[in-house]
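Asker: dropping a prediction and its sequence here:
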Amino acid sequence: MTTTNRFKLSTMMFLEFFIWGAWFVTLGTFLDKNLSASGSQSASVFSTQSWGAIIAPFIIGLIADRFFNAEKILAVLHLIGAVLMYQMYNATDVSVFYPYVLSYMILFMPTLALVNSVSFNQMKDPEKEFSNIRVWGTIGWIVAGLAISYLFHWDSPEALAKGMLKNTFMLAAIASLALGLLSFALPKTPPKVSSSEKVNVKEMLGLDALNLLKDKNFAIFFISSVLICIPLAFYYQNAHPFLSSIGVENPTGKMAIGQISEALFILLIPVFFKRYGFKTTILVGMLAWAVRYVLFAFGNSGELSFMLLIGIALHGVCYDFFFVSGQIYTNAKAGERYKSSAQGLITLATYGVGMLIGFEVAGWITDTYKTSETTIDWKMVWLIPSIIAAAVFLLFSVLFKQEKVKDTETVVA
């Protein structure tokens, strides 16, 4: 790969995740403070991510893979996204905001696959080269969070009172415009499939990989993946409003600790695989969800603030040890025949169905434990997903049997 292309791809990844991190982390607080949204209304807004994940394969499979260069579609989606972000910036009511965020997520979620496609197309050895490009995405998310808290101070109590958190959408709109324009200069990534080739919807959605569910171990893993997304949704939807409401300073910047942790713990996955095997690795990830929410339930912004910081830092263990490990396990179990379809199926099940259920549950629980117009019993809001995570941990530990699965690069035990 040339130095110029490496720089372009790294910048592309940086902006892709900078955009997402610039508004999604603070979305729950924005909905509460700026639009006075209820828990169920917030759940509906967050669920747009799931609808985007469900619809994304159609955009990629029907358009990107068949008719147009990936980089050009990426450009168009982000330019339209910039306009939608500007409309979200101007919205003053949830009913006005919702159609824009739904449209935006339907267009944004396919870009996550497109940036990977553009990157892989330039690599001779993706397994060695991709991580060096993808890490810039994590850096972009971190920089967005740090900028909001420590540069612009939009999440300070004074700024929240003035409604300044809406500026995050303008920041994301500017970044989306920049990425849209940059995308026209990205390396050419032509369609992978002939436009005349017959469309296979089952393969596009990964449904042909449902045959893998005949394997009891994979079925247990699949069900566990859907269920663990319920507590995951609580974090995305409630963590920032929780930290803001209890008086934690610079909550957006502090939540960036989670992405730093994610970047670090992903390096430990091969070590855990080799020493402890897949089952133990994924169980550690599940247990981390239960522990982090107990820390959130009993921590505070005073002398117990360290509990909150540890809970945030556990994001790397929660995400990497379960989701990244799960992707590797899925890849190993699927073999060549179902390799791509199986990854699509897991994505559809987790970010689609699992998160959709999770956001609805999180919204319902938040409304149930809202003790007044401005106060929420956060201890119960966090203990419930902790119990759910612990139940999934027990389910997986009892029903999933140790096994050895080999592919060319990985041994999962």
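Answerer: Sure, I can see it.

Asker: Ile269: neighbour count?
Answerer: 17 (other C-beta atoms under 10 Å). Where you see a C-beta, it was placed from the backbone N, CA and C, and this is true even at glycine.

Asker: my guess is it meets Val324, correct?
Answerer: Yes. Between Ile269 and Val324 there is a contact at 6.0 Å, judged by C-beta atoms under 8 Å.

Asker: any stretches of the stretch 51-200 of the chain with poor pLDDT?
Answerer: Where the stretch 51-200 of the chain drops to pLDDT under 70, the residues are 60-66, 127, 192-200.

Asker: just the helices in it please.
Answerer: 70-90, 94-120, 126-146, 157-161, 167-183 (DSSP state H, counting those that start in this stretch).

Asker: then the first one to PDB, C-alphas only?
Answerer: Presented in PDB, the C-alpha positions along helix 70-90 are these (Å, rounded to 0.1, in the frame of the first residue of the first chain):
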ATOM      1  CA  ALA A  70     -17.900   1.700  -2.800                       C
ATOM      2  CA  GLU A  71     -16.100   5.000  -2.400                       C
ATOM      3  CA  LYS A  72     -18.600   6.900  -4.400                       C
ATOM      4  CA  ILE A  73     -21.600   5.400  -2.400                       C
ATOM      5  CA  LEU A  74     -19.700   6.300   0.700                       C
ATOM      6  CA  ALA A  75     -19.300   9.900  -0.500                       C
ATOM      7  CA  VAL A  76     -23.000  10.300  -1.300                       C
ATOM      8  CA  LEU A  77     -24.200   8.700   2.000                       C
ATOM      9  CA  HIS A  78     -22.000  11.000   4.100                       C
ATOM     10  CA  LEU A  79     -23.000  14.100   2.100                       C
ATOM     11  CA  ILE A  80     -26.700  13.300   2.600                       C
ATOM     12  CA  GLY A  81     -25.800  12.500   6.200                       C
ATOM     13  CA  ALA A  82     -24.300  16.000   6.700                       C
ATOM     14  CA  VAL A  83     -27.600  17.500   5.700                       C
ATOM     15  CA  LEU A  84     -29.600  15.200   8.000                       C
ATOM     16  CA  MET A  85     -27.200  16.100  10.900                       C
ATOM     17  CA  TYR A  86     -27.900  19.700  10.300                       C
ATOM     18  CA  GLN A  87     -31.700  19.100  10.500                       C
ATOM     19  CA  MET A  88     -31.100  17.200  13.700                       C
ATOM     20  CA  TYR A  89     -29.200  20.200  15.000                       C
ATOM     21  CA  ASN A  90     -32.200  22.400  14.300                       C
END
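
Asker: for the remainder of this discussion, apply numbering that starts at 425.
Answerer: OK, 425 is where the count begins now, so the last one is helix 494-514.

Asker: what's it packed up against?
Answerer: helix 427-447, helix 518-544, helix 591-607 (3 or more C-beta pairs under 8 Å, 6 or more residues apart in numbering; DSSP states H and E).

Asker: name the surrounding residues that touch it.
Answerer: Outside helix 494-514, the residues that touch it by C-beta atoms under 8 Å, 6 or more residues apart in numbering are 443, 447, 487-488, 521, 524-525, 527-528, 531-532, 534-535, 538-539, 541-542, 545, 590-591, 593-594, 596-598, 600-601, 603-605, 607-608, 610-613, 615.

Asker: which of those count as buried?
Answerer: 443, 447, 488, 521, 524-525, 527-528, 531-532, 534-535, 538-539, 541-542, 545, 590-591, 593-594, 596-597, 600-601, 603-604, 607, 610-611, 613 (16 or more other C-beta atoms under 10 Å).
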